[in-house]
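*Asks:* Predicted model and sequence follow; I will ask about them next.
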Amino acid sequence: MYGDNGRIALIRPGVTPSTEMDFHSRIPQGVAVSTSSVEYDRVTLDGLQAMSDRVAACAARYRGFPMDLVVFACTTGSMVGGPGYDKRLIAQIQAACGIPAITTTTALLEAFSALGLKRLSIVTPYSTALNEMEQRFLSSEGIETGAITGLGHEDIRAVPFVRPEEMYDLAVRQGAQGCDALFISCTGICVLDIIQPLEEKLGVPVITSNQATIWNALRRLGFREKIPGFGLLGSTPGPDIA
């Protein structure tokens, strides 16, 4: 295994290729990504909790390998346990494999902090129940939700086929009036290419789950260069790896 410029262990829910596709479209040359899948059955509160309960066992596969960072790439899956759940997951992952770790939620919170974002307009592919859970979690972290709309999907087979133009139209219809930014939630959808068009259209920063996860992972590996196509966040410094 190479990866002389960094090695990332990427844990993603189920069989969706979306997160891997987005990572490989943006990571610099010389960074290696090893992907593992954690069993995932339904895009529901119970389904997310069951999936997240399996993450530590998945991370344990990497013990003894020279990885620099483990990334659990799921937004609601790293929120579903309530306030502080992303930090508890990180502790479980690190205990299982002995490697520094982040979750998508951790990455998002650091992105919001780096840009000074306090009030969000949010669009998702999720059901109302998941949207409400996400809203509660963000509120516990001091992030207000100005508006939130979802597509209502609960089938894991449907989410990867949500088209970027569908999310673009949803975001434009909702707008970002009175909000600091637009947030497109879910690592299971590929929406990196609509970040810059939406920033130009809405006049606010646009944050997506995979964008923030990749940004945070690369910054922790020490990369400080601008990340193409990532809008305002792509030019923003982030934390170094511990």
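*Replies:* Thanks, I have the structure now.
*Asks:* So I195 sits against Q211, correct?
*Replies:* Yes: counting by C-beta atoms under 8 Å, I195 does reach Q211; the two are 6.2 Å apart. In short, each C-beta sits where N, CA and C put it, glycine included.
*Asks:* Give me the common contacts of those two.
*Replies:* F230, G231 (C-beta atoms under 8 Å, 6 or more residues apart in numbering).
*Asks:* neighbour-wise, which of these two wins?
*Replies:* Per other C-beta atoms under 10 Å, whichever of I195 and Q211 has more neighbours is Q211, with 26 against 23.
*Asks:* Find the helix or strand that that one is a member of.
*Replies:* Using DSSP states H and E, Q211 sits in helix 209-220.
*Asks:* Let me see the mean pLDDT of that helix.
*Replies:* Across helix 209-220, pLDDT averages out at 97.
*Asks:* and it, how far from the chain's centre?
*Replies:* Centroid separation for helix 209-220 versus its chain: 8 Å, with C-alpha atoms, centre = their mean, to the nearest Å.
*Asks:* do the same with stretch 96-115
*Replies:* When C-alpha coordinates are averaged (C-alpha atoms, centre = their mean), stretch 96-115 and its chain have centres 9 Å apart.
*Asks:* picking that back up, so which bits of the helix holding Q211 are buried?
*Replies:* For helix 209-220, burial by neighbour count (16 or more other C-beta atoms under 10 Å) applies to S209, N210, Q211, A212, T213, I214, W215, N216, A217, L218, R219, R220.
*Asks:* Tell me the one of those residues nearest V71?
*Replies:* A217 (5.4 Å; C-beta to C-beta).
*Asks:* ok, that closest one touching A101?
*Replies:* No: A217 lies out of contact with A101 (C-beta under 8 Å); the separation is 10.4 Å.
*Asks:* Overlap in contacts, these two.
*Replies:* Counting by C-beta under 8 Å, 6+ apart, the shared contacts of A217 and A101 are L69, V71.
*Asks:* Let me know the distance separating V70 from Q29.
*Replies:* From V70 over to Q29 the distance is 22 Å, taken as C-beta to C-beta, to the nearest Å.
*Asks:* More neighbours: which of these two?
*Replies:* In terms of neighbours (other C-beta under 10 Å), V70 is the more surrounded of V70 and Q29; the figures are 27 against 6.
*Asks:* What's opposite the nearest residue to T128 once chain neighbours are set aside in the beta bridge?
*Replies:* Of all residues not flanking T128 in the chain, G150 sits nearest, at 6.6 Å (C-beta to C-beta, 6 or more residues apart in numbering). Beta-bridge partners for G150, by DSSP bridges, are T124.
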